[in-house]
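Asker: what's the 3D shape of this:
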Amino acid sequence: MTRTARLVTAIAPVLGLVALWGWSDYLSRQGTDWDVEIEGYDPRDLLRGHYVEFTYDWPEPVHNAEDSEDRLWRSRGGPQILCLYGEAPALDRAVSIQEAEVGECAHLARSDGTSVYGLTSLERGRFYVGQDRALEIEEEMRDRDQRGIVTIRQREDGTITPLAIRFRPLTEEEVSVRDGESGEPAIERLMMAEDGEPGE
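Answerer: Presented below is the predicted three-dimensional model:
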């Protein structure tokens, strides 16, 4: 075997790995990024490290009012297929659709049965963050005057991947809804009701 042939044989596997990494990186950057509001987050799981776990708060309507399958997907714990509408990254609506309607949807999101949340993966999500960032997010989550927003990447095959999280201040209307008409924080009214005091 000539010296050139040996050199080619030695570097071919390395070139293959570089090409594979490049293709994977390219695929990971494809798709449409959307901003989705979230709620119910928990910053850590001591058994699995630091991550942000959350519930998607898809903008209304989450389901099609004329969809006879509405009760079916609710019984399964959430929507199985969503059609996303808006000018990315601003999400206006997320409508539950049936398999037959998939071809009519420009921005499709499907539940992923192989993910950690399985068929409820359009309802809940999570992503890993470093320890310092997890502590920072934990502090922000304690602020009741903020709202969490997750940026997701929605790909052509319908898979969605959470990419980042940020927080924004609540609007006056959101504060009013949160605190209720009495102006008393809703959580305090709930606690009083459970204690059998004025909240009843």
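Asker: can you show me the CA trace of stretch 154-162 as PDB?
Answerer: What follows is stretch 154-162, C-alpha atoms only, in PDB (Å, rounded to 0.1, in the frame of the first residue of the first chain):
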ATOM      1  CA  GLN A 154     -40.800  23.600  14.900                       C
ATOM      2  CA  ARG A 155     -39.500  21.400  12.100                       C
ATOM      3  CA  GLU A 156     -41.100  20.200   8.900                       C
ATOM      4  CA  ASP A 157     -41.800  16.700  10.400                       C
ATOM      5  CA  GLY A 158     -43.700  18.400  13.200                       C
ATOM      6  CA  THR A 159     -41.200  17.800  16.000                       C
ATOM      7  CA  ILE A 160     -40.700  20.700  18.400                       C
ATOM      8  CA  THR A 161     -37.600  21.500  20.400                       C
ATOM      9  CA  PRO A 162     -37.400  24.000  23.300                       C
END
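Asker: low-scoring pLDDT stretches of the protein, where are they?
Answerer: 1, 5, 8, 12, 14-30, 41-49, 61-77, 181-200 (pLDDT under 70).
Asker: mind listing the helices for it?
Answerer: For the chain, the helices defined by DSSP state H occupy 3-28, 70-75, 131-141, 172-179, 186-194.
Asker: quick check: residue 141 touching residue 148?
Answerer: Yes. With contact defined as C-beta atoms under 8 Å, residue 141 counts as touching residue 148 (7.2 Å). Just so you know, the C-beta spots here come from the backbone N, C-alpha and C atoms, and that holds for glycine as well.
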